[in-house]
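Asker: Sequence below, structure please.
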Amino acid sequence: MYPCTCLYMCEPDVQSPDEFLLAQHQSAGVSTNYCHRSSCLSSCISLLLCAVQGMNLGVALPEWMFAKDKKAAPLMLLGLVGCGILLPLVLMSWYMLSSSKFTGPNQIMNETYSMFMYSKYNIKESQSIVRIPETLLCAMEFITLYTPPEHTAPMEELRRLVAPSYPDLMSRSNKMFWQRKAGVVKAHMLLLAHLERLGPEVPAQLQADLKFVRSKSLLLLEEMLKLATIPRTQAGTGWMTPSLACVEMMQCIAQAVPTSVRKPGGKADSLAPLLQLPGINQGHIKNLRKRKINTLADLQALPDSQRAIELQWAGMGMAGIEGVNMFLSAMPRLLVTVRCEVEGEDEIMVTDPVHCRVRVLVSRPSHMTEGYQLRGSAVQAYTPNNPVPRDESWYIFLTEPSTNSILAWTKANLMEAERQGIEHPEAFKSSNAAASNGDVKANTANGESAPSSKAVTASNDAANGDAADDPEVVGQEVDLVFAAPKAATYNLNLVVMSNCWIGADETLQLRLRVAPLTRAAAEGRELLNSKAARQRVDDSEGDEDDSSGDGSTSGSGSDEDEDYDSEETGEEESEAASDSSDSSGSSGSPPEQD
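Answerer: Just a heads-up that it's a prediction; the model follows:
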């Protein structure tokens, strides 16, 4: 007889369920083990019943919140749960879902990458600049461009504005154009209006959309370029034609030049560089050609006074002439040298990591003005027909035109090249002398008029042939690294393109000879590398011995003589070893071991 173990206390004289069941089973002659098992089960049941009967619910909140009206307690509780838990959870979910729609430094929508890669209008292997807009306008940013009913009349006015330049495209019978999404149609017409320099005449209701199309198109073209250079071939190279076309499209948008005046294949027509000048049109260019000014270089070569006379004769006013002079003073000129080599090797073999070292100098006519100083970390692009501010950048491609492939590429800021161009104007004077003498660009390869390092070199500074061979040549160095392709001789092009200037690009032609990696050559390289490593270890140990010997041998003349003899012997042995390694490496077979 003892108190019950339930949640509520029983009277002291009441038998517990266990004792009662045990007594009943003993009187009936039932086994004790069975009684114990039954008593455990009954105890659990009794405890559960007591817990259920004594359960009370409550809220861990202060009583003063429910003191006035206890009927409002459930509503108060629901409000606290909704505002304190559910609402923050919904806001966080919305933020995470909306932020996951964009990716990359340019904040491009994820669906846009799918459209550029897998849609009907995706990036294609032979896509030239005239076909780039159809892929560009498939971006989800333009598909979802807000077009309310109020924009119907301004869009019709925009169509009439663009129709004279593109009559077939703007025709109402062109169902492929008008059956697209309203946002795509609006973005397409705004892009054409910008390229035709009709931006100020665009209706006021569409000016905000025009600004969006100008700025977003340049960012989308950068992403298209990255997708075009993704390795797609068995050799692990990207596509050359769409990559160069994307940069050409950037130039057209930056200077508001129609794509129809650009020739497919990566080179600008002589008309496009002239059309980028502010305030000039095709009528002015026809008049200039009558005066035998056919290219932008012809116009740049004229003195300022003579240029003003020619432009005035072509029909331009004084304001337009000043704009042209300012544009030409800011237009850059490049001086490029290139060298391809493998570090520590005399020749390039299959799968070697090849370093294409490009040195660039940048010069502008404005550098010659008194008091000119270069400030900041980047040069802002001079784009008078595109008010969207943008930094000037350069794209460097190492291409193989025969296979339409890009071996390596990078985007560079040539600020250091411009600083060195200001400090070394004599480099451009020698280049001018080479052009006047009719020299051609150098095309060299391994074993054919190559420098001492036997690495392929090409330069557009043909007047000073040693400039490309001198490792201390001035200029900003840009390093492109790629894996050497299979054994053959390749005719490559190094293309340096601006993201905003038309006609400032440079193209260098070079030959790259790749030798097969035979077993003998691999063993010879391994042996030479091991000897070079041992030589470096011996040199370091010898330097340590010399430093310790100089400090300890200050009074004995015989010791100095012995040290001197040993140093001479060591130098002679190292020179002999290096001579033997050089002779064996040049012959292409591993050297004999002593």
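Asker: Which residue ranges of the stretch 101-250 of the chain form strands?
Answerer: Using DSSP state E, counting those that start in this stretch, the strands of the stretch 101-250 of the chain run over residues 102-103, 108-109, 238-239.
Asker: Can you list the strands that the second one pairs with?
Answerer: Sheet neighbours of strand 108-109, with direction, are listed as strand 102-103 (antiparallel) (DSSP bridges).
Asker: what's near enough to touch the closest residue to L145 other than its chain neighbours?
Answerer: Among residues not flanking L145 along the chain, G183 sits closest, at 3.3 Å (C-beta to C-beta, 6 or more residues apart in numbering). In short, each C-beta sits where N, CA and C put it, glycine included. Each residue near G183 by C-beta atoms under 8 Å, 6 or more residues apart in numbering is listed here: F142, I143, T144, L145, Y146, T147.
Asker: so what's G183 scoring on pLDDT?
Answerer: At G183 the predicted local confidence, pLDDT, stands at 95.
Asker: same thing with G524?
Answerer: Here, the pLDDT recorded for G524 equals 78.
Asker: Which secondary structure state is assigned to G503?
Answerer: At G503, secondary structure determined by DSSP: H, G, I helix; E, B strand; the rest coil is coil.
Asker: Am I right that it is in contact with A272?
Answerer: Yes: judged on C-beta atoms under 8 Å, G503 makes contact with A272 at a distance of 7.2 Å.
Asker: follow-up on the earlier one: and the strands of the stretch 101-250 of the chain, which is most packed in?
Answerer: Comparing these by mean neighbour count (mean count of other C-beta atoms under 10 Å), strand 238-239 ranks first with a mean of 24.
Asker: packing partners for it?
Answerer: strand 405-412 (3 or more C-beta pairs under 8 Å, 6 or more residues apart in numbering; DSSP states H and E).
Asker: Could you give me the buried positions within the strand it packs on?
Answerer: Of the residues in strand 405-412, those buried under the neighbour-count criterion (16 or more other C-beta atoms under 10 Å) are S405, I406, L407, A408, W409, A412.
Asker: ok, residues contacting it?
Answerer: Here strand 405-412 makes contact (C-beta under 8 Å, 6+ apart) with 229, 233, 235, 237-240, 243, 356, 360, 393-400, 476, 478, 480-482, 485, 492.
Asker: number of nearby residues for the residue nearest to K486 when sequence neighbours are not counted?
Answerer: Excluding the flanking residues, the one nearest K486 by C-beta to C-beta, 6+ apart is V350, at 5.9 Å. Around V350 there are 16 other residues, counting by other C-beta atoms under 10 Å.
Asker: just the one 4 residues further on next, same as before
Answerer: When neighbours are defined as other C-beta under 10 Å, V354 has 25 of them.
Asker: my guess is it meets P485, correct?
Answerer: No: V354 is beyond contact range of P485, at 9.3 Å (criterion: C-beta under 8 Å).
Asker: intersection of neighbour lists for the two?
Answerer: Common contacts of V354 and P485, defined by C-beta under 8 Å, 6+ apart, are absent altogether.
Asker: What residues of the longest helix along the chain count as buried?
Answerer: Counting residues, the longest helix found in the chain (DSSP state H) is helix 519-552. Counting neighbours by 16+ other C-beta under 10 Å, one finds that the buried residues in helix 519-552 are A521, G524, R525, L527, L528, K531.
Asker: In CSV, list these along with distance to M331.
Answerer: Below are the buried residues of helix 519-552 laid out as CSV (distance: C-beta to C-beta, whole Å):
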residue, distance to M331
A521, 48
G524, 51
R525, 47
L527, 54
L528, 49
K531, 53
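Asker: biggest separation within those, which pair?
Answerer: Distances among the buried residues of helix 519-552 were taken as C-beta to C-beta; the most separated pair is A521 and K531, at 15.7 Å.
Asker: Helix, strand, or coil at L508?
Answerer: Here L508 is recorded as strand under three-state DSSP.
Asker: need the contact list for the residue nearest to it when sequence neighbours are not counted.
Answerer: Taking C-beta to C-beta, 6+ apart, and ignoring the residues beside it in sequence, L508 has L494 as its nearest neighbour in space, at 4.4 Å. When contacts are counted by C-beta under 8 Å, 6+ apart, L494 touches 336, 338, 356, 358, 396-399, 458, 507-510.
Asker: Then T351?
Answerer: Here T351 is in contact with A483, A484, L517 (criterion: C-beta under 8 Å, 6+ apart).
Asker: can you check M249 too?
Answerer: Neighbour list for M249: I129, I132, P133, L136, L221, T259 [criterion: C-beta under 8 Å, 6+ apart].
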